[in-house]
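>>> Sequence unavailable; structure follows:
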């Protein structure tokens with residue numbers, strides 16, 4: 001039913017927006033201007049970590065499969081001509097469980113530089129992602145399920161480079177127009193990951209990548225290209241795909257400009273240009289929208305009254321979203337962090353392993369006031385999560401135990417933390433949010449107030465960083481707590497559970513609980529990914545959700561309900577699982 005809901009909602013919105021005010025004077029005809037507070041952390045889809053950036057990738061690249069109008073339960077062909085299945089013979093299973101999935105690649109598809117898509121481009125795309133250590137969550141999932149390791153580097157450590165490269169080379173093979181993936185065992189979400197619309201599974205052009213200084217595509221050059229970082233990535237500031245729009249300009253803190261690709265294989269876009277304007281705050285975005293200087297922005301619930309009823313503006317509020325936010329405790333903070341004071345527990349700092357104490361993490365849980373937060377920040381228009389599996393996803397367990405605001409319990413756990421030393425000595429840390437993010441800032445302000453009220457020796461300072469710098473600080477374990485979420489684009493519990501709990505998921509590394517994940521969570525998450533039995537999958541998911549509660553690795557502080565506003569002269573907008581991410585190809589203006 002969920003897929004039907006998305007389709008009906010999208011059709012209804014397209015009908016509403018398609019019939020509005022064609023007679024009004026249109027500002028900047030042919031150019032769609034979006035205002036956002038989110039800067040760009042990278043343009044390489046294999047390293048993108050936020051939906052704020054993957055929106056660009058969706059519109060510049062394509063994937064092998066796709067979803068119709070954002071319906072995550074339906075699959076349609078993309079750069080592959082057909083969706084593989086057992087019935088059409090493109091999925092085959094060996095007796096030992098080895099699974100072969102074949103994609104026939106569409107002919108005549110052009111890249112933005114005029115090159116023609118080939119099956120070799122597809123193989124290179126994924127081999128490059130695995131070999132260089134792409135950090136996007138879907139890449140991590142694919143590496144784990146194709147190579148059986150958290151990374152290609154780990155496979156090299158285990159068997160040596162030559163054998164590891166041979167394993168990688170044999171995992172993705174080409175025969176004519178066909179590309180075949182060899183999975184050691186079934187992997188339930190595989191096709192959904194390949195239908196991400198051009199995000200982490202975006203198909204790159206091999207020759208162009210090599211021209212930019214990427215891995216040359218040979219075994220002999222592989223070791224020198226392993227373990228890239230965003231800073232050393234040749235594609236950090238470059239994009240070139242087969243999608244409906246091509247990159248013209250990227251000024252990461254100011255704007256991204258895309259032009260229509262007239263030779264797009266599905267047909268030329270109706271828009272000529274897209275400008276993604278990065279603004280200081282949402283108030284600025286609202287003012288620009290009302291003045292007709294921008295066409296679209298997402299807005300906070302508190303700003304709804306400013307745009308509701310505004311001339312020439314359509315507001316879509318309380319939209320369901322696949323977006324769950326967490327306050328993540330970093331169990332092993334970098335000793336070089338400037339946010340832990342002197343690095344010693346007491347009035348001037350905290351130790352780098354401050355949050356390894358379970359009593360301490362539970363004390364912070366009981367210090368967070370969900371009711372106040374959701375009512376004050378979202379005016380009630382948000383959900384308290386059950387745990388890491390998003391509400392509305394299969395196997396999300398409403399009976400999973402949850403933390404709640406209780407100052408008495410918070411004090412009890414603070415008194416026990418670190419054998420009583422926390423209560424006796426106090427602590428001083430700096431909590432950081434991304435600049436312009438009201439919901440992150442207010443979450444930390446509320447947590448600060450509630451924690452500091454318990455003991456005058458407790459002190460939390462607040463600071464902010466621009467988005468790209470914030471993402472980098474999260475990756476480098478500089479922050480004692482990170483406010484980062486999950487936006488799964490495959491409708492399966494494996495994705496949020498993998499990302500939150502598996503050792504190869506982003507959070508185990510960023511938050512320093514990889515060893516815990518290997519020991520407790522990995523076997524269950526791996527089985528969830530390979531098991532098609534609904535009853536067993538629910539059992540595994542419920543157990544993992546319970547573990548997430550018991551180990552208290554994050555405060556699951558809200559599941560978003562989003563609000564967007566757009567000018568009436570925009571037509572074709574539909575609401576997908578991430579309402580603030582726009583499919584520019586669907587739009588026209590006039």
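Looks like it came in fine. All values reported here derive from a predicted model rather than from experimental measurement.
>>> Name the SS class of the residue of the chain most remote from its centre, please.
Largest separation from the mean C-alpha position in the chain: residue 424, at 39.8 Å (Cα atoms, centre = their mean). The local conformation at residue 424, judged by DSSP: H, G, I helix; E, B strand; the rest coil, is helix.
>>> How about the contacts made by it?
The contact partners of residue 424, by Cβ atoms under 8 Å, 6 or more residues apart in numbering, come to none. Using the backbone N, CA and C atoms, a C-beta is placed for each residue, glycine as well.
>>> in the stretch 401-550 of the chain, what spans have low per-residue confidence?
The model of the stretch 401-550 of the chain has no residue with pLDDT under 70.
>>> Tell me who's in contact with residue 179.
Residues in contact with residue 179 (Cβ under 8 Å, 6+ apart) are 102, 103, 105, 119, 122, 123, 172, 173.
>>> What values do phi and psi take at the third one?
Here is the backbone geometry of residue 105 (degrees, to the nearest 10): phi -90, psi 140.
>>> Help me confirm that it comes into contact with residue 80.
Yes. Contact criterion Cβ atoms under 8 Å: residue 105 and residue 80 qualify, at 6.3 Å.
>>> hey, what's in contact with both of those two?
Each of residue 64 lies in contact with both residue 105 and residue 80 under the rule Cβ under 8 Å, 6+ apart.
>>> More neighbours: those two, which one.
For residue 105 versus residue 80, the count of surrounding residues by other Cβ atoms under 10 Å is larger for residue 80: 26 against 22.
>>> Mind pulling up the pLDDT for the more buried one?
If you check residue 80, the pLDDT there is 98.
>>> Settle this for me: it is touching residue 103, isn't it.
Yes. Here residue 80 reaches residue 103: they are 3.9 Å apart, a contact under Cβ under 8 Å.
>>> Common neighbours of those two, please.
64, 194.
>>> residues touching residue 340, list them.
333, 349, 350, 351, 352, 354, 429, 430, 480.
>>> same check, this time on residue 257
247, 248, 249, 250, 273, 274, 275, 276.
>>> how about the fourth one, secondary structure?
Remark: residue 250 carries the secondary structure label strand [criterion: three-state DSSP].
>>> pLDDT at it, what is it?
Residue 250 is given a pLDDT of 95.
>>> What is the neighbour count of it?
Residue 250: 18 neighbours (other Cβ under 10 Å).
>>> Pull the contacting residues for residue 105.
Residue 105 makes contact with 64, 79, 80, 81, 117, 118, 119, 122, 177, 178, 179 under the criterion Cβ under 8 Å, 6+ apart.
>>> who wins for most neighbours among those?
The most crowded member of those, judged by other Cβ under 10 Å, is residue 64 (29 neighbours).
>>> Backbone dihedrals for residue 291, both of them.
Residue torsions, per degrees, to the nearest 10, at residue 291 are phi -80, psi -10.
>>> Would you mind measuring from it to residue 34?
Using Cβ to Cβ, to the nearest Å, we find residue 291 at a distance of 15 Å from residue 34.
>>> of those two, who's got more company?
Shown here are residue 291 and residue 34; by other Cβ under 10 Å, residue 34 has more neighbours (23 against 10).
>>> Can you tell me who that one pairs with across the strands?
Beta-bridge partners for residue 34, by DSSP bridges, are residue 276, residue 296.
>>> cool, residue 429 as well?
residue 460.
>>> Contact partners for it?
By Cβ under 8 Å, 6+ apart, the neighbours of residue 429 are 339, 340, 341, 349, 350, 354, 459, 460, 461, 480.
>>> Quick one, which of these are buried?
339, 340, 341, 349, 350, 354, 459, 460, 480 (16 or more other Cβ atoms under 10 Å).
>>> Dump the contacts of residue 340 into TSV; add distance to residue 75 and secondary structure as well.
Shown next, in TSV, are those (distance: Cβ to Cβ, whole Å; DSSP: H, G, I helix; E, B strand; the rest coil):
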residue	distance to residue 75	secondary structure
333	41	coil
349	51	strand
350	47	coil
351	49	coil
352	45	coil
354	45	helix
429	46	strand
430	45	strand
480	41	coil
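>>> Going by distance to residue 314, which of the contacts of residue 257 wins?
Distance to residue 314 across the contacts of residue 257 (Cβ to Cβ) is lowest for residue 274, with 18.8 Å.
>>> before we move on, what SS does the closest one have?
For residue 274, the assignment made with three-state DSSP gives strand.
>>> just the helices in the stretch 451-590 of the chain please.
467-475, 494-501, 506-510, 514-516, 522-530, 534-551 (DSSP state H, counting those that start in this stretch).
>>> Give me the angle between the last one and helix 522-530.
In other words, helix 534-551. Helix 534-551 and helix 522-530 are oriented at 150 degrees to each other (axes from the mean of the first three to the mean of the last three Cα atoms, to 10 degrees).
>>> likewise the second one?
Angle between the axes of helix 494-501 and helix 522-530 is 160 degrees (criterion: the same axes, to 10 degrees).
>>> what's helix 494-501 packed up against?
helix 137-147, strand 481-486, helix 506-510, helix 522-530, helix 534-551 (3 or more Cβ pairs under 8 Å, 6 or more residues apart in numbering; DSSP states H and E).
>>> For residue 493, find the nearest of the ones you listed.
helix 534-551 (4.6 Å).
>>> Flag every buried residue along that closest one.
Within helix 534-551, the residues that qualify as buried are 537, 539, 540, 541, 542, 544, 545, 547, 548, 549, 551, counting by 16+ other Cβ under 10 Å.
>>> sorry, back to before: in JSON lines, list the contacts of residue 340 along with distance to residue 508.
As requested, these are exported to JSON lines (distance: Cβ to Cβ, whole Å):
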{"residue": "333", "distance to residue 508": "15"}
{"residue": "349", "distance to residue 508": "25"}
{"residue": "350", "distance to residue 508": "21"}
{"residue": "351", "distance to residue 508": "21"}
{"residue": "352", "distance to residue 508": "17"}
{"residue": "354", "distance to residue 508": "18"}
{"residue": "429", "distance to residue 508": "22"}
{"residue": "430", "distance to residue 508": "24"}
{"residue": "480", "distance to residue 508": "17"}
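>>> Find the pair from these with maximum spatial separation.
351 and 430 (14.5 Å).
>>> For the stretch 201-350 of the chain, just list every one of the strands.
245-251, 255-260, 273-278, 296-298, 313-329, 341-346, 349 (DSSP state E, counting those that start in this stretch).
>>> Now, the contacts of residue 179 that are in strands?
In strands, judged by DSSP state E, the following of the contacts of residue 179 are found: 102, 103, 172, 173.
>>> Pull the contacting residues for the second one.
If I follow you right, that is residue 103. When contacts are counted by Cβ under 8 Å, 6+ apart, residue 103 touches 64, 80, 84, 90, 122, 178, 179, 180, 181, 194.
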